[in-house]
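[1] sequence first, predicted model second:
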Amino acid sequence: MDELEQAVKAILQAELLVAATGAGMSKESGVPTFREAQQGLWARYRPEELATRDGFRRDPARVWGWYNYRRHLVQSSSPHAGHRALARLEALVPRVVVVTQNVDGMHQRAGSHTVLELHGNLSRFKCFDHGHPVRLEPPLAEVEGSVEPPLCEQCGSNIRPDVVWYGESLPPGAYDEAERLARRCDVMLVVGTSGLVYPAAGLPLLARAGGAMLIEVNVVPSELTRLMDIFLRGAAGQVLSDLVTRLEAAREG
Ligand code: BV8
């Protein structure tokens with residue numbers, strides 16, 4: 001039995017499947033990943049300069065402008081067949097939860113109903129000093145550049161994207177639920193992550209300890225591959241589409 005067939009067999013028996021996704025999940029939508037040399041978002045900047053409280057304090061306009069540019073990339077992109085395949089899974093497995101490190105909202109746009117955003121969403125906003133939620137027409141920038149952020153009407157501090165920066169804690173509700181589900185799931189499908197950023201990267205280990213079958217989809221091995229029962233090498237769009245098409249055929253068969 002080839003690896004894809006093994007994955008189909010395991011998923012058909014699952015009651016609870018957790019799909020843990022990273023930036024590689026959105027690559028085929030045209031949203032850049034972080035670590036791929038040259039074209040990755042971090043290639044030209046160090047994460048500490050842009051995705052930390054200190055980076056924002058030092059130069060709010062540069063960070064705000066960078067997120068406006070990323071928001072433009074996200075809003076000019078669409079979910080691909082791989083995002084839609086994860087949504088199709090909901091008709092095949094009693095409970096499917098997507099736990100994503102991505103901040104682009106693609107899973108929700110593709111139709112997934114239960115998405116835990118561990119690192120927030122760049123189209124949601126709050127203020128820097130107190131986290132006051134802020135409703136704002138999401139600003140877009142077709143080119144990178146510095147743009148002064150607006151100010152919070154309640155406290156006058158800078159408005160920032162509602163994402164989790166390095167050194168910031170994850171939203172307690174989302175992370176605690178992700179941890180609980182990782183421990184309980186029958187299958188964890190790990191897609192498009194280098195497995196470098198914690199605590200998200202620790203979830204597959206919890207799933208393994210809980211007795212789950214671990215399946216990874218990636219174009220190259222990651223930091224997590226050593227934990228996996230099955231490694232499906234390939235792009236998320238193609239591999240997930242093939243996987244779910246086979247699952248649908250097996251369900252009908
Ligand atoms: C925390 C949101 C508790 C913002 C992101 C010192 C001080 C403080 C903390 C730390 C510290 N040292 C270490 C830490 C912990 C730190 C951490 O893990 N650092 C790393 C760098 C070592 N973590 C944190 O700070 C977290 N908080 O620990 O809080 C705390 C609090 C205070 C003090 C101490 C502890 C918060 C981390 C969240 C940071 N925010 N994003 C934004 O997006 O702007 S992280 C961001 O980068 C993403 O969200 C994601 O998590 C990460 C990128 O990783 P990936 O998604 O895996 O993407 P990557 O590009 O790396 O890989 C892409 C993969 O896809 C590759 O494997 C590639 O092969 C594959 N691929 C490519 N194409 C395809 C594909 N796969 C399939 N198909 C394809 N077509």
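    Good, I have the coordinates. Residues are numbered from 1 along each chain as shown.

[2] what residues does stretch 208-226 touch?
    Outside stretch 208-226, the residues that touch it by CB atoms under 8 Å, 6 or more residues apart in numbering are 7, 10-11, 14, 18, 24, 182-196, 201, 204, 207, 227-236, 239-240. For the C-beta atoms, the positions are set from N, CA and C on the backbone; glycine is no exception.

[3] what's near enough to touch residue 1?
    Contact analysis of residue 1 by CB under 8 Å, 6+ apart lists residue 9.

[4] how near is it to residue 9?
    For residue 1, the distance to residue 9 equals 7 Å [CB to CB, to the nearest Å].

[5] what about stretch 19-35, distance to the chain center?
    Centroid displacement of stretch 19-35 relative to its chain, using CA atoms, centre = their mean, to the nearest Å, is 7 Å.

[6] that older thread, give me the ChimeraX select line for the contacts of stretch 208-226, limited to the buried ones.
    Here is the ChimeraX command that selects the buried residues among the contacts of stretch 208-226 (16 or more other CB atoms under 10 Å):
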select :7,10,11,14,18,24,182,184,185,186,187,188,189,190,191,192,193,194,195,201,204,207,227,228,229,230,231,232,235,236,239,240
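
[7] among the contacts of stretch 208-226, which are in reach of the ligand?
    Among those, the residues lying close to the ligand (CB under 6 Å from any ligand atom) are 24, 192, 193, 194, 196, 235, 236.

[8] residue 215: which element?
    strand 213-218 (DSSP states H and E).

[9] check which helices and strands the next helix or strand after that strand sits against.
    Later in the chain than strand 213-218, the nearest helix or strand by DSSP H and E is strand 230-233. On a contact count with 3 or more CB pairs under 8 Å, 6 or more residues apart in numbering; DSSP states H and E, strand 230-233 meets helix 3-12, strand 213-218.

[10] the helices in the protein, which residues?
    Ranges of helices in the chain, per DSSP state H, are 3-12, 41-44, 47-50, 53-58, 60-75, 81-88, 106-110, 172-184, 203-209, 236-252.

[11] determine which stretch of those helices is the most buried.
    Stretch with highest mean neighbour count among the helices of the chain: helix 81-88 (a mean of 23; mean count of other CB atoms under 10 Å).

[12] contact residues of this structure facing the ligand?
    So the chain meets the ligand at 22-24, 27-28, 33-35, 40, 51, 101, 103, 119, 163-169, 192-194, 196-200, 217-220, 222, 235-236 (CB under 6 Å from any ligand atom).

[13] who touches residue 186 in this structure?
    Residue 186 touches 10, 13, 14, 15, 16, 17, 212, 213, counting by CB under 8 Å, 6+ apart.

[14] out of these, which end up buried?
    For the contacts of residue 186, buried by 16+ other CB under 10 Å: 10, 14, 16, 17, 212, 213.

[15] which pair in the residues you listed spans the largest distance?
    Based on CB to CB, the longest span within the buried ones among the contacts of residue 186 runs between 10 and 16 and measures 12.4 Å.

[16] between the two, which contacts overlap?
    Each of 186, 187 lies in contact with both residue 10 and residue 16 under the rule CB under 8 Å, 6+ apart.

[17] quick one: residue 160 from residue 182, how far?
    Taken as CB to CB, the span from residue 160 to residue 182 is 29 Å.

[18] dump the helices and strands packed on strand 230-233 into a markdown table; add mean pLDDT as well.
    Below are those laid out as a markdown table (pLDDT from 0 to 100):
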| stretch | mean pLDDT |
| --- | --- |
| helix 3-12 | 96 |
| strand 213-218 | 98 |
